[in-house]
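In: Predicted coordinates and the sequence they were generated for:
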Amino acid sequence: DTAVSQTPKYLVTQMGNDKSIKCEQNLGHDTMYWYKQDSKKFLKIMFSYNNKELIINETVPNRFSPKSPDKAHLNLHINSLELGDSAVYFCASSQSGQKGEKLFFGSGTQLSVL
Amino acid sequence: GNSVTQMEGPVTLSEEAFLTINCTYTATGYPSLFWYVQYPGEGLQLLLKATKADDKGSNKGFEATYRKETTSFHLEKGSVQVSDSAVYFCALTTGGATNKLIFGTGTLLAVQP
């Protein structure tokens, strides 16, 4: 069974559309994250949730809205998509978000905005 | 602020060559240090970690030592294989209420047979 699964794997859409990416983890972890990887492979955290509570919001435009219906799920909704949103988005989870803990990553969602 | 600097790639090596990928960090407090690896088309996975000074992390023939005096965590492997071709990320966490994993820019390693 996949530990952290995200869907869809590929997402191609037009500018101005609204889209969602879903993430689920079956590891029993308390903390989940969204990371954005740009075309140069640079990874930057966007959000983290602990027990459904928002912990980190890294100055991401408010067109991006994460939602955590329960500890095992963290979805990412993006409104009014822009060309610059094209990237690979990775979901991740960890046991409790503590220093020294390993993160488990999903396989990524490649978003292409045309 | 907290940051990670790692050598730019790509690094191209022949099979069985020795690998070093340099990583240095800037952090307040006492960070934990990590190397993650990303194989083509996949998500990241932890390669090794060290949580305090002088600790050595090791896995799959790779190793890295937490050097507080030089604020470094260089990745080494004595003999690389074609299957080691991937992007390698150095990263740190500092703990606290808003603990997060901060990555370096990644180094692409290409191993040729």
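Out: All right, it came through fine. Numbering: from 1, shown residues only, chains lettered A, B, ... in the order given.
In: who touches the residue of chain A found nearest chain B in this structure?
Out: For chain A, the residue closest to chain B is A:K99, as judged by Cβ to the nearest Cβ, at 3.0 Å. The way it works is simple: take the backbone N, C-alpha and C, and place the C-beta from them, glycine included. Shown in contact with A:K99 (Cβ atoms under 8 Å, 6 or more residues apart in numbering or on different chains): B:31-32, B:51, B:93-96, B:99.
In: Which strand residues bridge residue 44?
Out: Picked chain A for this. Per DSSP bridges, the residues bridged to A:K44 are A:K36.
In: oops, I was thinking of chain B
Out: Here B:L44, judged by DSSP bridges, has bridge partners B:Q38.
In: Could you give the number of residues near residue 67?
Out: If you meant another chain, say so; for now it's chain A. 14 (other Cβ atoms under 10 Å in any protein chain shown).
In: actually it's chain B I care about, not the one you picked
Out: Neighbours of B:R67 (other Cβ under 10 Å): 15.
In: Just the pLDDT for B:A97.
Out: The model reports B:A97 with a pLDDT of 69.
In: oh sorry, the question was meant for A:D1
Out: The model reports A:D1 with a pLDDT of 63.
In: Return the residues in contact with B:T24.
Out: Contact partners of B:T24, counting by Cβ under 8 Å, 6+ apart, are B:4-6, B:70-73.
In: circling back to that earlier point, count of neighbours near the nearest residue to the residue of chain A closest to chain B once chain neighbours are set aside?
Out: Excluding the flanking residues, the one nearest A:K99 by Cβ to Cβ, 6 or more residues apart in numbering or on different chains is B:G95, at 3.0 Å. Number of residues near B:G95 (other Cβ under 10 Å) recorded here: 16.
In: show me the residues around B:G95 that make contact.
Out: So B:G95 contacts A:98-100, B:29, B:31-32 (Cβ under 8 Å, 6+ apart).
In: Return the members of these classed as buried.
Out: A:99-100, B:31-32 (16 or more other Cβ atoms under 10 Å in any protein chain shown).
In: Just put those in a markdown table and tack on distance to B:L46, pLDDT and secondary structure.
Out: Below are the buried ones among the contacts of B:G95 laid out as a markdown table (distance: Cβ to Cβ, whole Å; pLDDT from 0 to 100; DSSP: H, G, I helix; E, B strand; the rest coil):
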| residue | distance to B:L46 | pLDDT | secondary structure |
| --- | --- | --- | --- |
| A:K99 | 14 | 75 | coil |
| A:G100 | 11 | 79 | coil |
| B:P31 | 15 | 92 | coil |
| B:S32 | 11 | 94 | strand |
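In: Determine the three-state secondary structure at the residue nearest the centre of chain A.
Out: The centroid of chain A falls nearest to A:W34 when counting by Cα atoms, centre = their mean (3.0 Å). Here A:W34 is recorded as strand under DSSP: H, G, I helix; E, B strand; the rest coil.
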